[in-house]
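In: sequence isn't available, so here's the structure alone:
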């Protein structure tokens, strides 16, 4: 997945980019990438600092020897003129909501501890894990702009709320572990993303990544700050946020995502997002 609209060596046909909002301080784009190349792309860069919220599919962003898995539990930071490569180990493509915030405003929003001490704005981390309410804000902002429900002032306000929450010390999580442990967790994420509806067992995941089930659960909790099963649930529910606009029958959606019933899906959705799927759809699509 590439979000850069600056320099890129990939063919234009690889992307579908829709501009949702452009104001003097905030630009919002919805970007879909077909993800046809499994291996690392040629080096790319963007000419602006960008906050990228993946909401569908998965990809890996490589910066030097570092990497970050882009999926719906994360926000990724793209820095101006910093070279990166993208790979798609899991087929199916991906989509992200990209926010470009003016640098003075972004410096005001971001906690100082998250920023490098450099003249050009850049973050210390490649990514942060976001909480469930931040996921819901991503979906609410995207759906309301695509449906042309939100006025520019409302969309700008929602976008700033989204950034504050995504960067909030209490609502985000920065991974802290050795490179080996982070790479193990990255492999687990790719396994989960390969089939969101599958009812994985711990033994099956451990076999896929060739690790001990006990060690795997400990490492995942340390790196992501969430139990593995909660992380998988967040991925499935984030996909529900993406698809709600396309389903009249929520029972069909719940079964497609691997839930045992509509009631199971609705209860999990309400527990995580604070409202039922139908209530969220009403607020995002039919105000």
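Out: Alright, I've got the coordinates. Since the structure is predicted, the reported quantities are computational estimates derived from the model, not experimental observations.
In: and residue 283, what does it touch?
Out: With contacts defined as C-beta atoms under 8 Å, 6 or more residues apart in numbering, residue 283 is in contact with 140, 275. No exception for glycine: its C-beta is placed from N, CA and C like everyone else's.
In: what does residue 246 give?
Out: By C-beta under 8 Å, 6+ apart, no residues touch residue 246.
In: go again with 10 Å.
Out: Contacts for residue 246 (C-beta atoms under 10 Å, 6 or more residues apart in numbering) come out as residue 253.
In: please tell me how far it sits from residue 174.
Out: Between residue 246 and residue 174 the computed distance is 34 Å (C-beta to C-beta, to the nearest Å).
In: same check, this time on residue 123
Out: From residue 123 across to residue 174, the span is 10 Å (C-beta to C-beta).
In: these two - which one has more neighbours?
Out: Per other C-beta atoms under 10 Å, whichever of residue 123 and residue 174 has more neighbours is residue 123, with 21 against 14.
In: how about residue 139, nearest residue that isn't a chain neighbour?
Out: Nearest non-adjacent residue to residue 139, counting by C-beta to C-beta, 6 or more residues apart in numbering: residue 241, 3.7 Å away.
In: where does this structure dip in pLDDT?
Out: Regions of the chain meeting the criterion pLDDT under 70 cover residues 1-13, 287.
In: could you rerun that using 50?
Out: Residues of the chain that meet the criterion pLDDT under 50 lie in 1-8, 10-11.
In: that one: helices as residue ranges?
Out: 103-109, 132-146, 152-167, 179-194, 202-209, 213-224, 228-243, 250-256, 262-273, 277-285 (DSSP state H).
In: now these in a markdown table, with distance to residue 21?
Out: Shown next, in a markdown table, are the helices of the chain (distance: least, C-beta to C-beta, whole Å):
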| stretch | distance to residue 21 |
| --- | --- |
| helix 103-109 | 14 |
| helix 132-146 | 6 |
| helix 152-167 | 5 |
| helix 179-194 | 28 |
| helix 202-209 | 39 |
| helix 213-224 | 31 |
| helix 228-243 | 19 |
| helix 250-256 | 27 |
| helix 262-273 | 23 |
| helix 277-285 | 16 |
